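Colleague: sequence first, predicted model second:
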Amino acid sequence: MLVDIHSHQIASEPNIKKFFNLDITEEVLNFDLESFFGNNTSVSVGIHPWSVSENTEQLDFLEAIISDSRVKAIGEIGLDKLKGPDLKLQEDVFLKQIRLAERVRKPIIIHCVRSFNELIGIKKIIKPKVSMIVHGFNKKPEVATELIKKGFILSFGKALLDSDLVKEALKLCPIEQVFFETDDDQDLDISQVYEVASKVLNISITDLEEKIYQNYLELYL
Ligand SMILES: [Zn+2]
């Protein structure tokens, strides 16, 4: 069983555990529950930092659906210094979503752009018990080491195929703190990411599959 921890592609293959991401934009506030979920039975939901607004109904919407069994994780949520509203507002909504995730004990998928110090600071203050997965890791090995030390889990996708630095970063991560993803890349198959990772880590695909699946199971312990 392959795990795709963060995707914007509709799940199709039965041998892939995939978290399909649903963003609570202001537009979806008018949706009824069934059209919000569609056919998806395994989703991450949250207010993306780009979708954060002063409208508190987005948080109400999240709170209303967060215990639904289709919601497997809260995300993608986080901080982005390049895009989205004022960082103070992003932080405020991020904190509230972390607290909701804590309440229902579901893991968090994090979108973080140029805000790693702030992210680390927030984790230090809140000390959430739920797993915090930094998705789309594409930074230097030093950043990976820092995040791993602070207890974050890193999810690798397209950048792993393209960048030697990201390959180096993966090598430094304990396998217990690793996931893989396809994100919004329509041409990327999760098996390609596993393939590259198995070469980088010098372990068989079967072993890798087993270890990552174990990580998936432990998200809910
Ligand atoms: Zn994404």
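Modeller: Sure thing, it's come through.
Colleague: end to end, how far does stretch 96-112 reach?
Modeller: The first and final residues of stretch 96-112 sit 16 Å from each other (C-alpha to C-alpha, to the nearest Å).
Colleague: and it, how far out from the chain middle?
Modeller: The gap between the average C-alpha position of stretch 96-112 and the chain average comes to 10 Å, counting by C-alpha atoms, centre = their mean, to the nearest Å.
Colleague: mean confidence for that stretch?
Modeller: Over the span of stretch 96-112, the pLDDT mean works out to 98.
Colleague: repeat that for stretch 210-221.
Modeller: Stretch 210-221 shows an average pLDDT of 94 in the prediction.
Colleague: can you tell me what sits against it?
Modeller: The set of residues that contact stretch 210-221 without belonging to it, under C-beta atoms under 8 Å, 6 or more residues apart in numbering, is 1-3, 5, 17, 73, 105-107, 131, 153, 175-180, 194, 203. C-betas here are computed from N, CA, C, even on glycine.
Colleague: for stretch 64-76, same thing?
Modeller: With contact meaning C-beta under 8 Å, 6+ apart, stretch 64-76 is reached by 5-6, 19, 21, 23, 33, 36-37, 40-46, 48, 62, 97-98, 100-101, 103-104, 106-111, 133, 135, 219.
Colleague: hmm, back to that, buried subset of the contacts of stretch 210-221 as a ChimeraX selection?
Modeller: One line in ChimeraX is enough to select the buried ones among the contacts of stretch 210-221; burial here means 16 or more other C-beta atoms under 10 Å:
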select :2,3,5,17,73,106,107,131,153,177,178,179,180,194
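Colleague: the top strand by length along the chain pairs with which strands?
Modeller: Ranked by residue count and defined by DSSP state E, the top strand of the chain is strand 71-80. Taking DSSP bridges as the criterion, strand 71-80 sits next to strand 43-46 (parallel), strand 108-113 (parallel) in its sheet.
Colleague: run the chain-centre distance for the helix or strand of the chain with the lowest mean pLDDT.
Modeller: Lowest by mean pLDDT, DSSP states H and E among the helices and strands of the chain is helix 33-37, with a mean of 92. Average the C-alpha atoms of helix 33-37, do the same for its chain, and the two points are 21 Å apart (C-alpha atoms, centre = their mean).
Colleague: quick one: residues in contact with that helix.
Modeller: Taking contacts as C-beta under 8 Å, 6+ apart, the residues outside helix 33-37 that touch it are Leu22, Val28, Val43, Ile65, Asp68, Arg70.
Colleague: quick check on Pro174: phi, psi?
Modeller: Backbone torsions for Pro174, taken as degrees, to the nearest 10, come to phi -60, psi 140.
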